[in-house]
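Enquirer: How does the following fold in three dimensions:
(2 chains)
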Protein chains: 2
Amino acid sequence: MSDELKKLMELLKDPALSNSVRLGILLSLYVIGRTTFTDLQRSTGVSKSSLFMHLQVLEESGLIKVRKVPTLSGPRTIVEITDKGVETLKKYIDLIKKIG
Amino acid sequence: MSDELKKLMELLKDPALSNSVRLGILLSLYVIGRTTFTDLQRSTGVSKSSLFMHLQVLEESGLIKVRKVPTLSGPRTIVEITDKGVETLKKYIDLIKKIG
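Expert: Below is the predicted model of the structure:
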């Protein structure tokens, strides 16, 4: 097995990336930088409680930051990718590019 | 959200790709074409029964073919990617390339 493939398999074992909902969230945030909880719920199609759980795993891994901001229509949950998150996703994308 | 990102999120919802072990298996097979059950167990690090389950999902989706071949040291399980599997992975890799 090539070195790139081995690294890719290792990266996919990381709890943060080992679930495709989380991988999808990270890929989205890698492109758009930040989004809202509501938008993520729409794009992932998972339930509120499930999304909360996934975001918690990602935040505990230091890949995203979740914060509540007050708005006129009530508090809004903003989800942002961190530098570490960008770095991790860059690694993943670069490996995919190498094998593809 | 960009069109590529939407397509990527949709693709990640596919049962075949919605689990990173399966995604890892497919990425490996995309590169090396075919492998053995034993090698996949080593590279994924999952249990025998778990690997069987993942391979079953992938085979039912028509993305891989699993067959037993007799060898001098007993039957060996060979896992191969199908044309549909290559096509699906190509789609995934191309989308990743576009967003990255």
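Enquirer: pLDDT score assigned to the residue nearest in space to the middle of chain A?
Expert: Nearest to the mean C-alpha position of chain A, by C-alpha atoms, centre = their mean, lies A:Leu26 at 2.3 Å. pLDDT, A:Leu26: 95.
Enquirer: Wait, it touches A:Gly85, no?
Expert: Yes: A:Leu26 is in contact with A:Gly85 according to C-beta atoms under 8 Å; the separation is 6.3 Å. Just so you know, the C-beta spots here come from the backbone N, C-alpha and C atoms, and that holds for glycine as well.
Enquirer: and A:Ser20, what does it touch?
Expert: By C-beta atoms under 8 Å, 6 or more residues apart in numbering or on different chains, the contact list for A:Ser20 reads B:Leu12, B:Lys13, B:Leu17, B:Ser18, B:Asn19, B:Ser20, B:Leu23.
Enquirer: residues near A:Val57, how many?
Expert: Neighbours of A:Val57 under the rule other C-beta atoms under 10 Å in any protein chain shown: 17.
Enquirer: Name the SS class of it, please.
Expert: helix (DSSP: H, G, I helix; E, B strand; the rest coil).
Enquirer: For A:Arg76, which non-adjacent residue is closest in space?
Expert: A:Val69 (5.5 Å; C-beta to C-beta, 6 or more residues apart in numbering or on different chains).
Enquirer: Report the angle between the lengthiest helix in chain A and helix B:83-99.
Expert: Once chain A is assigned using DSSP state H, the helix that runs over the most residues is helix A:83-99. With axes from the mean of the first three to the mean of the last three C-alpha atoms, to 10 degrees defining the directions, helix A:83-99 sits at 130 degrees from helix B:83-99.
Enquirer: ok, back up a step: roughly how far apart are the residue nearest to the centre of chain A and chain B?
Expert: 11 Å (C-beta to the nearest C-beta, to the nearest Å).
Enquirer: secondary structure element for that residue?
Expert: According to DSSP states H and E, A:Leu26 maps onto helix A:20-32.
Enquirer: repeat for A:Met9
Expert: Assessed by DSSP H and E, A:Met9 sits inside helix A:3-13.
Enquirer: Just the residues contacting that helix, thanks.
Expert: Residues from elsewhere that reach helix A:3-13 (C-beta under 8 Å, 6+ apart): A:1, A:17-18, A:88, A:91-92, A:95-96, A:98-99, B:20-21, B:23-24, B:27-28, B:31-32, B:43-45.
Enquirer: Then stretch A:22-42?
Expert: Under the contact criterion C-beta under 8 Å, 6+ apart, stretch A:22-42 has outside partners A:16-17, A:43-44, A:48, A:51, A:54-55, A:57-58, A:63-64, A:66, A:76-81, A:85-86, A:88-90, A:93, B:1-2, B:5, B:8-9, B:12-13, B:20, B:23, B:96, B:99-100.
Enquirer: if we can go back for a sec, is chain B contacted by the longest helix of chain A?
Expert: Yes: using C-beta under 8 Å from any C-beta of the partner chain, helix A:83-99 reaches chain B at A:Lys90, A:Ile93, A:Asp94, A:Ile96, A:Lys97, A:Ile99.
Enquirer: Which secondary structure elements does that helix sit against?
Expert: Using 3 or more C-beta pairs under 8 Å, 6 or more residues apart in numbering or on different chains; DSSP states H and E, the elements in contact with helix A:83-99 are helix A:3-13, helix A:20-32, helix B:20-32, helix B:83-99.
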